[in-house]
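In: Dropping the sequence and predicted coords here.
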Amino acid sequence: QSRFFMKRLLQFLLSFALGVAVFLVVMYKVGSGAVVKALGIFFNFEGLAMVAITCFIIYFGCLKWKIILKNQGHRPGFFKLLPLWLLGSAITYLTPAALFGGEIFRIYFAQKKFPEIPSKTIMASVAADKILSATGFFAVMILGLFSFSFFGDFSYSWAVAVCFCFALGFLAVLLFFYYKKWKKQSVLDWLFKTFGARKSRFLNGKTAEDIFSAEQEVFQFFNFHNKAFWQTLGLA
């Protein structure tokens, strides 16, 4: 217990020191006045609304993952999943696209925290969660683009064109996944064949088995007769 306590204390002190260092760098770069002004937004209605919306996003995002795992036959507690969901989300927002990147970390730490849940199930749950989020993101993006078309400033027409091209590419990827699911064909097999790569060069036997089994679990979840699919799609 003493070693465990010391390890936790060391982790806390390192995290605290890193946080203080980042805060001081930000203060030095932008100035204390700008920081105070930015923090001041949280003391008016708009700031409180932003905090409330963020809390809803976190709650529904983690709940979505919990429902997926429950559909797969596992019932980890909401507050046990929450730190892992927050970690994945935080790392994702550090990546340039702010869309992907934290999933690998979420899978890794979920495997450590829940050894009783098979690796393929954790991978499938995170993949299904991300596909659902991408589907919801696409729907909101299309609504946003239509709204901008009617009410936005067209002085930056090139930006509008880039957004529409991005939306079309995003739609193509989603439709491809749903098409492959409908045809009951492996997306991973298609990727390996298309790029002329051998599975054995990138994946060992056990890893390849888990990843392809996870893909089948994802396909099973995305079933129009699956109540959990519609629940999580609504949350997304």
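Out: The structure has been received and is ready for your questions. All figures in this text were calculated on a predicted structure; none of them were measured in a lab.
In: Export stretch 27-38 to CSV, keeping only CA atoms.
Out: Written as CSV, here are the backbone C-alpha positions of stretch 27-38 (Å, rounded to 0.1, in the frame of the first residue of the first chain):
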residue,chain,number,x,y,z
MET,A,27,0.4,33.4,-19.3
TYR,A,28,3.8,34.5,-20.8
LYS,A,29,2.7,34.1,-24.4
VAL,A,30,-0.7,35.8,-24.3
GLY,A,31,-0.5,38.0,-21.2
SER,A,32,-2.3,37.9,-17.9
GLY,A,33,-4.9,40.4,-19.1
ALA,A,34,-6.0,38.3,-22.0
VAL,A,35,-6.3,35.2,-19.8
VAL,A,36,-8.4,37.1,-17.3
LYS,A,37,-10.6,38.4,-20.1
ALA,A,38,-11.0,34.9,-21.5
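In: Now for residue 62, how many residues are close by?
Out: Neighbours of residue 62 under the rule other C-beta atoms under 10 Å: 21. (C-beta placed from N, C-alpha, C; glycine too.)
In: so it touches residue 77, yeah?
Out: No - counting by C-beta atoms under 8 Å, residue 62 stays clear of residue 77, with 10.6 Å between them.
In: For the chain, which segments are assigned as helices?
Out: For the chain, applying DSSP state H gives helices covering 2-30, 32-40, 45-71, 78-94, 103-113, 119-151, 157-183, 187-194, 199-202, 205-221, 227-235.
In: list the helices and strands the third one packs on?
Out: This means helix 45-71. Contact analysis of helix 45-71 by 3 or more C-beta pairs under 8 Å, 6 or more residues apart in numbering; DSSP states H and E lists helix 78-94, helix 119-151, helix 227-235 as its packing neighbours.
In: Check the offset of the last one from the chain's centre.
Out: Same thing as helix 227-235. Relative to the centre of its chain, helix 227-235 is centred 16 Å away, using C-alpha atoms, centre = their mean, to the nearest Å.
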